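[1] Predicted coordinates and the sequence they were generated for:
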Amino acid sequence: METTLVENLPQVTAVGVIIKAVIILAVISAIAGFGTFVERKVLAFMQRRLGPMHVGPYGLLQIAADGIKLFTKEDIIPQNANKLIFMIAPVITAATAFIALSSVPVFPDFIIPEFIPLLGGTFVPSIASDLNIGILFVLGMMAAGLYGPLLAGMSQANKWGIIGAARTAVQFLSYEVVTGLSILAPIMLVGSLSFVDFNNYQAAGIGSWMVWQQPVAFVLFLIAGFAETNRTPFDLLEHEAEVVSGYATEYSGMRWGMFFIGEYANMITISVIAAIVFLGGYDPEATLGWLTIILKIGFFFFLMLWVRAAWPHVRPDQLMWLCWKVLMPLAVVNILITAIVVMV
Amino acid sequence: MIGLSHYLIVSAIIFSIGLVGVLRRRNLLMLFFATEVMLNAVNIAFAAISHYYNDLTGQMFAFFIIAIAASEVAVGLGILIVLYKKHGSLDLDDLSSMRG
Amino acid sequence: MSLEQFKNRNVGTQNYKTLDLGQSPTSGMGKFTQVIKRSVKGELFVGLWVTIREMFNALFRGNMHTVKYPFEKLPISPRYRAIHDMLRLLESGSYRCIGCGLCEKICISNCISMDTRYDENQRKEVSEYTINFGRCIFCGYCAEVCPELAIVHGPRYENASEQRASFSLFEDMLTPIDKLNLQQEYDGFGAVSPNADENIKQTPLAY
Amino acid sequence: MYEIVAFYLFSALTIGLFIITVMSKNVLYAMTSLASAMVLISGFFFILGADFLGVVQLIVYVGAIMALYSFAMMFFDATRDIKEKNTNNALVFLLGGMSALVLVLMFSAPIFSDSIQALYPMHEGAGNAQDVGIVLFTKYLVPFEVAALMLLVAMIAGIILAGKKMDQSLTEDMSADDEIMIVKDEK
C-alpha cells in the first residue's frame, strides 16, 4: 500500500507517512479517550447532571483515571475460552478502526519546522495513504472491523457473547449494504472515490454541499453509520438490558478498553466521512479552513451522543425490518433517481 | 525485483494448500473453507497476470470468481443448515447415507 | 391528610390514568401507515428537542440537579429518623435521661441496653447506655416513649463507620457540652411538635 | 524495496495462515486465519495496483462471505475442537504435492509465452476503478449481468433452503416445541 502511495505523491516521504501514522495513532487514541469524557459530560448535561467532576478541574483528568484503572485492572481470560482468539479480538477492533483512519484526511498537510533535529523539513501529508478509492477502502476496513466483536463473542464460551456475536454478524452485514448503497449516489454525482475529489466538488460554499443534492443519502448514511459504529438506537451488540454486555461480557481491563477505543475511532471515521462527503469537508485555501471540518466532525460526534441521550433502543427484528424493508429500498430508489438525473 | 513467477508460485502453493484441505477435511464447513483458499489462490494469480501483462481481463475474472464465491456461500450455507437440521452433524462420513 | 388516606392500601382502585394506546395494527398496510405516521409526526425530533432543551436549561439557567453529595447535602425533614441524639437540659447542662428504662423496654429490635446506678448524691445516673445500630430499625418508639424528650432521632444519616462502636456509646450520642447552645428543642422524631398546645385536648375537670 | 518486503511478508503470512486454516482442528482458528489471510490477499491486490479488486476483496470476501460463514458457525460450539477421521494422510499429501507441481508448471507457462497481447490494457493516468468500470460495463457486460442473476438465484436458493423450517429450533428437540404449541393452542 505504501509503495503506491510513494509513487502517487512524489513529495511524500516514508518518514512523513510514518510521522502521520504516529500522529493519527496518538491523537485519535487520545481523542477516543477524551470522547468518553465528552460523552459522559454531554449525557450528564442532557439529564441535568454534572457528570464527572472530581478528578481534575471539571473532571478533565477522568481520562487519566480511566486509563490507570483500565491498565491496572486484572486481565481475566475465562477458563473455557479460546484464549488466543479471545486475546486477539479487541486488537482487531482497534486496528481496523485505525487502518480505516489511515486513508481519511484528518489533519492538515504540514511541514515539520527546520529547527527540529532529524525530522526538520519533512512533509507530512494530510492523508497517510491517499488511495484513489479512499471511500471504499474505509468502508472495507470498517467491514473487516466486524471481526472484533464477532470473534470476541464466539471465543469466550459465554451465551451472551454468542448472542452478541450473532447480532454483530447480522447487524454489520445488513447495514454495510445500506452504507455502501447510500454513499453510491454521491459517488455517482462526483464521479470519483477519492475524498479529495469530494472535497473539491463542494468547494463553492454551503450551497454546493452534497446534503442539498442528496438529502436521502445523507439520512440513510447517518442511520447506517449509527448501526455500523454500534451507537445507541442500534446498540444491540452490547445492550445491557438484553444481553448482559453482549460480546464484551467477559472482557476486562485494557482489552475491553481497546474495544472502546475502536468504537470511538469508528465514530470519528464515520463523522469525518459524513463531513467530507455530505457537508463540504474542509477548505484547503483558507488558513482556518481546517477548523470548519473539525467543527463538522464535532457536530456529528455530538449528534451521536445527543441521539443516545434522546432515543430508545430498537429490537433486533425492528432493526432488520428497518434495514431491509425501509432503508435499502430507499437507497436503491435514490440511486435510480440519481442515475436518471446524471444521465439526462 | 518481484516478477510474475513469484506471484504464480505463491498462488500455486496456496492452491495446493487448499487442495490438501479439500482432500483431507471431513467436516463440511472446513471443506468450504478449503474451497475458499483455492478460490483465493486463483484470484492472486489472476491479479498478478493482469498486472504484469497490463491487461484488465485477469481482474475481471477475479471479480467473477468473487461473485461465484458469494453465491457459493449463499447456497452452501443453506445446504449446511439443512444438513445440520437433518443429521445433527456436518461430518461427511455421517452424511453418506447412500453407501449401502 | 386524614388517617383514612394513610390506611387505604387499595392501590388499584385509586385514580390512576390508563394510557390509551389504541389498537396495534395487524395488517401489513396498517403497520406501514403507522410507521409513516410516527416518522412524519416527528416524535423522534421531539425527543431530540427535549434533551437539548434540558441541556441548555441545565447549563445556562441553573437547572442543574446534581448535589455534590459529600460536600453539599440536601436539608432533611426535621422528623427524619436517623441516628439517635441524647439531649441535655438547657439550664444545667446535665443530660436529660433519668434512666427509667422505658426505651429499653419498648425497643422492638432489642438493641438498646442500659444500666443505671446511684451516684454519690443518691441520684440515678446512667452508667452505661448503648444502642446497637446493627440491629436498630429506626422505628422511633424509643423517642416516642421517652418521658423526658431525652432521646430523639437526629439528622445524622451517614451510618457508615470504621467501627460500630464509634457512634453507639452514650457519650457519642449526647450533645457535646460546648455545643449546648446549638441544641434545638424541636430537633427530631419524638419531640414535642410546635403546635402541640393546639393539639392537646383539655381534660374536663369533671374527671 | 517496499514491494519486495511487502510481497515476502504477505506471502509468508498468507501461506502460514492458510496452512492453519486447513490443518487446524478448531473451527474458530480456521475461520480467523482464513479471514485474516484474505485481508492479506487484498494487500497483494493493492501491491499489484488492482485497488478496486483489493477493496472488493475486503468488502465482499472478508466483510460478507467470511462473516456469513462465521454466522453459520454459531450453530456449533466454536470453542470445541471438531473430531474428524483423517484417513490416508500420506496419499493426500502425495496427491496435493503432485497437483502443486502440476500447477507450478501450469502457472509458469505464461512466463515463457511472450506473444501474449493485452486485450484490455490499463490506461495510465486513469484510476484503476475507472478502468475496471469501463471494461466491466462494455466488454464484460453480459457476464456481469449473468453474475448478478446468479447471485440473485443463489440468494433465493439460500433463503429457501435455510428458511423452509425457520420456525423450528436447531438445538432443541421438536417434542418440546410441540408442547409449547399445545399450550398456546389451549390458551
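    Perfect, thanks for sending it.

[2] Could I get the average pLDDT for stretch A:177-188?
    Here stretch A:177-188 scores 88 as its mean pLDDT.

[3] Pull out the buried residues from it.
    For stretch A:177-188, burial by neighbour count (16 or more other Cβ atoms under 10 Å in any protein chain shown) applies to A:177-187. C-beta coordinates here come from the backbone N, C-alpha and C atoms, glycine included.

[4] and if you look at stretch D:10-30?
    Buried residues in stretch D:10-30, defined by neighbour count with 16+ other Cβ under 10 Å: D:10-11, D:13-15, D:17-22, D:24, D:26-30.

[5] which of the buried residues of stretch A:177-188 sit farthest apart?
    For these, the farthest-apart pair by Cβ to Cβ is A:Val177 and A:Pro186; their separation is 16.4 Å.

[6] ok, which of the buried residues of stretch D:10-30 also contact chain A?
    Near chain A, taking Cβ under 8 Å from any Cβ of the partner chain as the test, the members of these found are D:26, D:28-29.

[7] Count the neighbours of A:Glu238 for me.
    23 (other Cβ atoms under 10 Å in any protein chain shown).

[8] which residues touch A:Gly225?
    Shown in contact with A:Gly225 (Cβ atoms under 8 Å, 6 or more residues apart in numbering or on different chains): A:179, A:270, A:273-274.

[9] so D:Ala12 sits in a helix?
    Yes: judged by DSSP: H, G, I helix; E, B strand; the rest coil, D:Ala12 forms part of a helix.

[10] Which positions within the host helix or strand of A:Val332 qualify as buried?
    Secondary structure assignment for A:Val332, by DSSP states H and E: helix A:328-343. Neighbour-count burial for helix A:328-343 flags A:328, A:330-331, A:334-335, A:338 (criterion: 16+ other Cβ under 10 Å).

[11] Let's have these in TSV, adding pLDDT and distance to A:Val216.
    Conversion of the buried residues of helix A:328-343 to TSV gives the following (pLDDT from 0 to 100; distance: Cβ to Cβ, whole Å):
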residue	pLDDT	distance to A:Val216
A:Met328	89	12
A:Leu330	89	6
A:Ala331	90	8
A:Asn334	90	5
A:Ile335	90	10
A:Thr338	89	9
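
[12] Chain C: which of the residues you listed is nearest?
    When the buried residues of helix A:328-343 are compared for distance to chain C (Cβ to the nearest Cβ), A:Leu330 comes out closest, at 11.6 Å.

[13] Can you give me every residue that contacts that closest one?
    A:216, A:220.

[14] Now do it against chain B, distance only.
    Distance of A:Leu330 to chain B, given as Cβ to the nearest Cβ, to the nearest Å: 24 Å.

[15] which intervals of chain C have sub-threshold pLDDT?
    Residue ranges of chain C with pLDDT under 70: C:1-14, C:164-168, C:185-194, C:202-207.

[16] Walk me through the domains of it.
    Domains of chain C are assigned by automatic domain parsing as C:24-65, C:84-192.

[17] Next up, the contacts around A:Ala265.
    Neighbouring residues of A:Ala265 by Cβ under 8 Å, 6+ apart: A:28-29, A:32, A:94, A:97-98, A:100-101.

[18] so after the host helix or strand of it, what's the next helix or strand?
    Following DSSP H and E, one finds A:Ala265 within helix A:253-277. The first helix or strand that comes after helix A:253-277 along the chain, using DSSP H and E, is helix A:289-310.

[19] quick one: pLDDT of D:Gly127?
    pLDDT, D:Gly127: 62.

[20] on that earlier part again, the ones next to chain A among the buried residues of stretch D:10-30 into a markdown table, with extra columns for pLDDT?
    Below are these laid out as a markdown table (pLDDT from 0 to 100):
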| residue | pLDDT |
| --- | --- |
| D:Asn26 | 82 |
| D:Leu28 | 84 |
| D:Tyr29 | 86 |
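
[21] Does chain A have contacts with stretch B:36-49?
    No: Stretch B:36-49 stays clear of chain A (Cβ under 8 Å from any Cβ), getting no nearer than 13.9 Å.

[22] What residues sit buried inside the helix or strand harbouring D:Val135?
    Taking DSSP H and E as the criterion, D:Val135 maps to helix D:128-138. Judged by neighbour count (16+ other Cβ under 10 Å), helix D:128-138 contains these buried residues: D:128-132, D:135-136.

[23] Closest one of those to A:Tyr264?
    D:Ala129 (30.2 Å).

[24] picking up where we left off before, now check the next helix or strand after the helix holding D:Val135, is it near chain B?
    Next along the chain after helix D:128-138, taking DSSP H and E as the criterion, comes helix D:141-163. Yes: judged by Cβ under 8 Å from any Cβ, helix D:141-163 comes into contact with chain B through D:143, D:147-148, D:150-151, D:153-155, D:157-162.

[25] near chain A at all, helix D:141-163?
    No: interface with chain A: helix D:141-163 contributes nothing (Cβ under 8 Å from any Cβ), its closest point being 11.8 Å away.

[26] For chain B, which segments count as helices?
    Along chain B, the stretches classed as helices by DSSP state H are B:4-24, B:28-52, B:57-87, B:92-95.

[27] Take those helices and lay them out in TSV including mean neighbour count and distance to chain D.
    Putting the helices of chain B into TSV (neighbours: other Cβ atoms under 10 Å in any protein chain shown; distance: least, Cβ to the nearest Cβ, whole Å) gives the following:
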stretch	mean neighbour count	distance to chain D
helix B:4-24	22	3
helix B:28-52	23	4
helix B:57-87	19	3
helix B:92-95	14	6
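
[28] Need those helices in a markdown table (columns: distance to A:Met141 and mean pLDDT).
    Shown next, in a markdown table, are the helices of chain B (distance: least, Cβ to Cβ, whole Å; pLDDT from 0 to 100):
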| stretch | distance to A:Met141 | mean pLDDT |
| --- | --- | --- |
| helix B:4-24 | 23 | 82 |
| helix B:28-52 | 19 | 86 |
| helix B:57-87 | 18 | 84 |
| helix B:92-95 | 36 | 70 |
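
[29] Please convert those helices to a markdown table, extending it with distance to D:Tyr2.
    Shown next, in a markdown table, are the helices of chain B (distance: least, Cβ to Cβ, whole Å):
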| stretch | distance to D:Tyr2 |
| --- | --- |
| helix B:4-24 | 15 |
| helix B:28-52 | 16 |
| helix B:57-87 | 22 |
| helix B:92-95 | 44 |
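
[30] closest to C:Met64 out of those helices?
    Proximity to C:Met64 (Cβ to Cβ) singles out helix B:57-87 among the helices of chain B, at 54.0 Å.

[31] Show me what the closest one packs onto, helices and strands only.
    helix B:28-52, helix B:92-95, helix D:51-56, helix D:66-73, helix D:128-138, helix D:141-163 (3 or more Cβ pairs under 8 Å, 6 or more residues apart in numbering or on different chains; DSSP states H and E).

[32] For chain D, see how far away A:Tyr282 is.
    22 Å.

[33] Does the spatially most central residue of chain C belong to a helix, a strand or coil?
    What sits nearest the mean C-alpha location of chain C, by Cα atoms, centre = their mean, is C:Tyr80, with 2.7 Å. The assignment at C:Tyr80 comes out as coil when based on three-state DSSP.

[34] Next: C:Gly22.
    Taking three-state DSSP as the rule, one finds C:Gly22 in the coil state.

[35] Return the residues in contact with A:Ala310.
    Per Cβ under 8 Å, 6+ apart, neighbours of A:Ala310: A:46, C:44, C:47-48, C:50-51.

[36] thinking again about what came up before, can you pull the alpha-carbon coordinates of the helix holding A:Val332 into CSV?
    Listed next in CSV are the C-alpha coordinates belonging to helix A:328-343 (Å, rounded to 0.1, in the frame of the first residue of the first chain):
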residue,chain,number,x,y,z
MET,A,328,-32.4,-0.5,1.4
PRO,A,329,-35.3,0.1,-0.9
LEU,A,330,-35.0,3.8,-0.2
ALA,A,331,-31.3,3.7,-1.1
VAL,A,332,-31.9,1.8,-4.3
VAL,A,333,-34.6,4.2,-5.4
ASN,A,334,-32.3,7.1,-4.5
ILE,A,335,-29.6,5.6,-6.7
LEU,A,336,-32.0,5.0,-9.5
ILE,A,337,-33.2,8.6,-9.4
THR,A,338,-29.7,9.9,-9.2
ALA,A,339,-28.7,7.8,-12.1
ILE,A,340,-31.5,9.1,-14.2
VAL,A,341,-30.7,12.7,-13.3
VAL,A,342,-27.0,12.1,-14.1
MET,A,343,-27.7,10.5,-17.4
